[in-house]
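> here are the coordinates; sequence isn't available:
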C-alpha cells in the first residue's frame, strides 16, 4: 500500500510568479517511489509481449495493483476517495510507466478523464465516476485527437439541441483505449463554434467502435456517433465552459505525452549505456569509442531538454498559469528530440536493435508513437509560431 503521506495531497497556493519550483514534495516523491516499485515488480519484457498478444492489450493485473496502492486516486478529490493532486502527480506515474512501457490506460484515464472531470464536471457526475476510477472499477478516456489537428482546435463531432438533449453525430478518430473504457469525454462543436464536453458510454445507443492499432501496438479505436442523445446530467462542461475545458484537456494530454516520453527515453538510454559497457570491439568496450560516446551524450542532452520543458508545462497547468506556449514547446521537444533519442539508442545497439523481439525496439515504437500523437513536431512549431506572431512586441523585448 502507498505510504500514508500520500493519502492527502492538499496543495499550498502557488505564488503569483513565473519562476518554476523544481523540487518535488515528500508526497510526490512517495507517489513516484510507490509507482516505480509496482512497475518494476510486475512489468517485464516478457509480460509486455504476453499482453500485446491479447485482444485488449491491457494489463488488468497491473491496473488492479495500482488501484490497491491508491495510485488511481491521483486527481480525484479526497472527499470522493482520492488523494488529490493534479498533472504533476499523474506525470510522476506516467514517467515511471514510460520506463517499462507498461500497456495500461493510465494517461487516458487520469489525464484524459479524471483531471477534466474533477476540474469542470458537476458534482453528481464526479460522484458517479471518480470513486469507480479510484477503486479500479472504471476506465475513462477522451476524444481529442481531432481537436489537436484542427487549425482552430475545434472538435470534429457536432451536436444540435433538441429539447433538453444534445444529439451528437460524427466520428472521433483514434480514441485511446476506447474499447475498454467505460465512458469517453467527448468535446463536441455546437452552433456558432461553441463547444460542449459530454460524457458518453461506449455502450450507449448509436455508438460504434472501429478497431485501430497504433505504432506502439496499443488499441485506439475510431468511435462513430450516430445521433447519440446526451442529457444535461452527462455534460462535463456546457456551452459556457466547453472551450476552456477542451483547451485544458488538449494541453494536459500533450504535456502528459511529453512526461511519458521522459521515462521512455531515460530507460532506453540506460539500456543502451549498459549495452555499450558490456559489448566489446577490438578488445575494448564499445562505450570507450568516441563515436558511441558522442552519440549517447547527444541523446542525454536531448533527454534533459524534454525533461525540463515537460515539467515546466505541467507546473504551469497545475498552477493555473498561462500554459499553451509552454505546452507546445514541451510537446515539440518530446516529439523531435524524443524520436532522436530512441533512434540513437536503437542504432547504438547495432544489429540487435533491429530485432523486434529485443526490448529496445519497443522503446523505439513508443517514442515514435509519442512523436506523432496529438500532432507532429511541425504542427507544434506552426501553432507556436502563430502564438508568437500574435504578440510580436512582447517577444521583441525578451
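That came through, no problem. Note that the structure is a prediction, hence the values are computed from the model and not measured.
> Only C-alpha atoms from now on, for both contacts and neighbour counts.
Will do.
> what about the helix or strand hosting residue 299, distance to the chain center?
Per DSSP states H and E, residue 299 falls inside helix 290-318. From the chain centre to the centre of helix 290-318 is a distance of 17 Å (C-alpha atoms, centre = their mean, to the nearest Å).
> which helices and strands sit right next to it?
Secondary-structure packing of helix 290-318 (3 or more C-alpha pairs under 8 Å, 6 or more residues apart in numbering; DSSP states H and E): helix 87-100, helix 242-278, helix 324-347.
> What residues of it count as buried?
Buried residues in helix 290-318, defined by neighbour count with 16 or more other C-alpha atoms under 10 Å: 292-293, 296, 299-300, 302-307, 309-318.
> So for residue 325, what's the pLDDT?
On the pLDDT scale, residue 325 is placed at 95.
> Flag the shaky bits of the stretch 1-150 of the chain, pLDDT-wise.
1-19 (pLDDT under 70).
> For it, just list every one of the strands.
140-142 (DSSP state E, counting those that start in this stretch).
> Am I right that residue 178 is in a helix?
No - Residue 178: not assigned to a helix; according to DSSP: H, G, I helix; E, B strand; the rest coil it is coil.
> Who are the contact partners of it?
Listed by C-alpha atoms under 8 Å, 6 or more residues apart in numbering, the contact set of residue 178 reads 141, 184, 202, 209, 219-221, 223.
> what's the first-to-last distance across stretch 140-147?
Length of stretch 140-147, first residue to last, C-alpha to C-alpha, to the nearest Å: 18 Å.
> quick one: buried residues of that stretch?
Result for stretch 140-147 [16+ other C-alpha under 10 Å]: buried residues 140-147.
> Need phi/psi at residue 170.
Torsion angles at residue 170 (phi, psi; degrees, to the nearest 10) stand at phi 120, psi -170.
> how much space between it and residue 186?
For residue 170, the distance to residue 186 equals 11 Å [C-alpha to C-alpha].
> returning to what we had before: I'd like the helices and strands packed on helix 290-318 laid out as JSON lines, including mean neighbour count.
What follows is the helices and strands packed on helix 290-318, written out as JSON lines (neighbours: other C-alpha atoms under 10 Å):
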{"stretch": "helix 87-100", "mean neighbour count": "26"}
{"stretch": "helix 242-278", "mean neighbour count": "24"}
{"stretch": "helix 324-347", "mean neighbour count": "25"}
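> Redo the ones you listed as TSV? Include distance to residue 48.
As requested, the helices and strands packed on helix 290-318 are exported to TSV (distance: least, C-alpha to C-alpha, whole Å):
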stretch	distance to residue 48
helix 87-100	9
helix 242-278	14
helix 324-347	18
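> Nearest to residue 162 among those would be which one?
Nearest to residue 162 among the helices and strands packed on helix 290-318 is helix 242-278 (18.4 Å), distances taken as C-alpha to C-alpha.
> What sits closest to the most centrally placed residue in the chain if chain neighbours are left out?
In the chain, the residue lying closest to the centroid (C-alpha atoms, centre = their mean) is residue 256, at 3.6 Å. Nearest residue to residue 256, sequence neighbours excluded (C-alpha to C-alpha, 6 or more residues apart in numbering): residue 91, at 6.2 Å.
> thought the one you found was touching residue 259?
Yes - between residue 91 and residue 259 a contact is recorded at 5.8 Å, counting by C-alpha atoms under 8 Å.
> quick one: contacts for the residue nearest to residue 256?
Contacts of residue 91 (C-alpha under 8 Å, 6+ apart): 256, 259-260, 314.
> before we move on, what about residue 312?
Here residue 312 is in contact with 20, 326 (C-alpha under 8 Å, 6+ apart).
> Tell me the spacing between it and residue 179.
Applying C-alpha to C-alpha, the value for residue 312 to residue 179 is 33 Å.
> thought residue 111 was touching residue 256?
Yes - the criterion here is C-alpha under 8 Å, and residue 111 meets it with residue 256 at 7.2 Å.
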